[in-house]
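**Student:** Show me the folded form of this:
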Amino acid sequence: MKLLITGATGFLGRHVVATALAQGHSVRILIRPSARLDKTPWAKAVAVHRADLRSPHDLQPAFQDVDAVIHLAASVAGNEDTQFASTVVGTENLLSAMALSTVRRIVLASSFSVYDWSAVGRDLDEESSVQAAPGLYERDVYTIAKVWQERVARRFAEEHGFALLVLRPGFIWGPGGEAFAGLGVRIGSVQVVVGPASRLALTYVENCAQCFVLAAERVDIAHGTFNVVDAQRISSWRYAAEYARWTNKRGFRIPVPYGFARTIVGAVGLANRAFFGGKAKVPSLLATRRFQSRFKAVRVDGTRTHAGLGWAEPVDLAEGLRRTFRRDERTGGRSRLLAEAKPGHR
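**Tutor:** Numbering: from 1, shown residues only. Model prediction:
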């Protein structure tokens with residue numbers, strides 16, 4: 001297949017391109033005019049189309065002779081307007097150009113952030129409630145943009161007959177992405193681990209990349225939404241220990257039960273509404289829905305993705321930890337965490 005990949009220079013995108021090439025696909029990447037490729041090992045193996053998704057101009061030539069699109073581009077930096085324009089307007093421009101081409105298959109990178117974590121119970125699957133129309137204080141601009149990005153993609157798919165597969169990864173981790181939102185809160189030398197026994201909804205970056213390429217290949221599946229989380233899980237307490245040890249961020253770990261922390265966050269919200277009409281500025285983490293989206297313990301059902309797409313992660317948890325923390329080079333042996341890591345739900 002010939003794949004058009006956006007967001008190719010990002011953390012996940014670099015691995016998606018590498019995986020697609022390794023599996024024999026021809027790849028064209030759509031990147032901004034200012035993007036640099038000098039540090040990417042596959043730079044000479046791909047076709048490059050330079051254009052800015054925030055502008056509708058110069059996008060249509062990118063679709064020439066393409067079989068499917070893997071759309072990963074989204075902004076995680078800048079102010080609210082910049083992030084929304086890059087993610088939502090950029091997606092609308094991309095799909096408008098795609099509608100004028102012969103390409104009718106797209107795989108969209110969404111996120112676990114789109115779920116309504118206040119409505120989600122103990123179990124999370126693809127049918128769980130999606131956040132309706134969150135306010136900026138309730139959820140961050142990234143979540144708002146991803147919710148609208150899905151809406152835009154589904155509307156275009158219905159209007160133009162696109163085959164649309166929406167993939168929602170959990171926390172993506174790996175070399176260069178050792179830390180993630182669900183790891184906890186670091187205050188100086190203290191690492192606060194919320195819900196220390198919770199099994200993290202992680203997907204190793206190479207596994208996640210393989211899932212995206214597989215979704216593009218599965219031309220027998222025209223539509224669907226799929227959560228992307230590795231079958232093997234590890235507790236937040238153990239991962240925090242490994243992260244601190246091998247990144248030289250020494251200090252103390254403090255376990256805080258999720259229920260206790262959730263009560264504190266709720267009390268802050270009540271006090272804010274009672275005394276300040278909900279207008280007092282408090283740390284974003286103390287907003288209930290933001291807190292829940294990062295730390296709420298749920299069991300993730302990965303049946304649809306593993307069985308439906310036929311996805312089997314090529315890198316297991318132990319190997320992912322070795323690659324991420326370079327354990328063999330630094331210690332010459334296995335860590336306690338590797339010996340104790342077991343499959344399980346988050």
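**Student:** before we move on, which element is the most far-flung residue of the chain relative to its centre in?
**Tutor:** Relative to the C-alpha centroid of the chain, counting by CA atoms, centre = their mean, Phe275 is the outermost residue, at 36.7 Å. Taking DSSP states H and E as the criterion, Phe275 maps to helix 258-276.
**Student:** With Gln149 instead?
**Tutor:** Taking DSSP H and E as the criterion, Gln149 maps to helix 141-160.
**Student:** could you point out which element follows that helix?
**Tutor:** Next in sequence after helix 141-160, counting helices and strands by DSSP H and E, comes strand 163-169.
**Student:** The helix holding Phe275 - what's its average pLDDT?
**Tutor:** Mean pLDDT, helix 258-276: 85.
**Student:** Can you mark which positions in that helix are buried?
**Tutor:** In terms of neighbour count (16 or more other CB atoms under 10 Å), helix 258-276 has its buried residues at 258, 261-262, 265, 268-269, 272. The way it works is simple: take the backbone N, C-alpha and C, and place the C-beta from them, glycine included.
**Student:** again with stretch 39-55
**Tutor:** In stretch 39-55, counting by 16+ other CB under 10 Å, buried: 40, 42, 46, 49, 51-53.
**Student:** Then stretch 141-151?
**Tutor:** For stretch 141-151, by 16+ other CB under 10 Å, it's 141-150.
**Student:** Please enumerate residues in contact with that stretch?
**Tutor:** Stretch 141-151 has contacts (CB atoms under 8 Å, 6 or more residues apart in numbering) with 74-76, 80, 83-84, 86-88, 91, 108, 110-111, 113-114, 130-131, 133-134, 136, 166, 293.
**Student:** Among the residues you listed, name the buried ones.
**Tutor:** By 16+ other CB under 10 Å, the contacts of stretch 141-151 give 74-75, 83-84, 86-88, 91, 108, 110-111, 113-114, 130-131, 134, 166, 293 as buried.
**Student:** from those residues, which ones fall inside strands?
**Tutor:** In this view, the buried ones among the contacts of stretch 141-151 that belong to strands under DSSP state E are 108, 166.
**Student:** Tell me which of the buried ones among the contacts of stretch 141-151 fall in helices.
**Tutor:** 83-84, 91, 293 (DSSP state H).
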